[in-house]
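Peer 1: here's a sequence, model it:
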Amino acid sequence: MVLSHINLATGIPSSKVKYSRLSSTDDGYIDFQFKKSLPKIPYKAIALATVLFLIGAFLIIIDTLLLGGCIGKGSRLAIPVLIVGILVFLSGFYHLHIAYYASKGYWGHSYDEVPDFDD
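Peer 2: Have a look, this model is predicted:
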């Protein structure tokens, strides 16, 4: 008695599966799959990163003036403004850094690393 093998993906016995041979010149690849497409530039994400960078820089400057006593005397808002300013500045700087190096074509950097806000 000969056992028939069953294709687990479809549940069809292998004796009913039809196969065809590839031509001898066909290696299974097409030229189009190796062509590099132009990178899609995430303009909205770069604009948001620029806004975050500028707001963070502004908050750090304001905090420096608060701590220096030029604006108000010993304001208790100095430390929270500094923390928020640093967090916003660093996130904007990080994404602008990646976008800049991707635009210059440096190895290891691409626009895929910048989050995209496509709808």
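Peer 1: show me where the chain has helices.
Peer 2: For the chain, helices defined by DSSP state H occupy the ranges 43-68, 78-104.
Peer 1: let me know which of these is the nearest to P115.
Peer 2: With CB to CB as the criterion, P115 lies closest to helix 43-68 of the helices of the chain, at 5.5 Å. To be clear about C-beta, it is placed using only N, CA and C from the backbone, and glycine gets the same treatment.
Peer 1: same question for that closest one, mean pLDDT?
Peer 2: For helix 43-68, the mean per-residue pLDDT is 89.
Peer 1: what packs against that helix?
Peer 2: helix 78-104 (3 or more CB pairs under 8 Å, 6 or more residues apart in numbering; DSSP states H and E).
Peer 1: the residue nearest to I71 when sequence neighbours are not counted: how many residues sit nearby?
Peer 2: Nearest residue to I71 in three dimensions, chain neighbours excluded: L65, at 4.6 Å (CB to CB, 6 or more residues apart in numbering). For L65, the neighbour count with other CB atoms under 10 Å is 14.
Peer 1: distance-wise, check L65 relative to A45.
Peer 2: 31 Å (CB to CB, to the nearest Å).
Peer 1: could you report the neighbour count for G92?
Peer 2: That count, for G92 with other CB under 10 Å as the rule, works out to 20.
Peer 1: so who does it touch?
Peer 2: A49, T50, V51, L52, F53, L54, I55, G56 (CB atoms under 8 Å, 6 or more residues apart in numbering).
Peer 1: same check, this time on A102
Peer 2: Counting by CB under 8 Å, 6+ apart, A102 has contacts P39, H109, S110, Y111, E113, V114.
Peer 1: at 7 Å what do you get?
Peer 2: H109, S110, Y111 (CB atoms under 7 Å, 6 or more residues apart in numbering).
Peer 1: can you select the buried ones among these for me in PyMOL?
Peer 2: In PyMOL, this line selects whichever of those come out buried by 16 or more other CB atoms under 10 Å:
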select buried, resi 109+111
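Peer 1: make TSV out of the contacts of A102 and add distance to Y100.
Peer 2: Listed next are these as TSV, based on distance: CB to CB, whole Å:
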residue	distance to Y100
H109	9
S110	12
Y111	11
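Peer 1: thanks again, I'm all set now.
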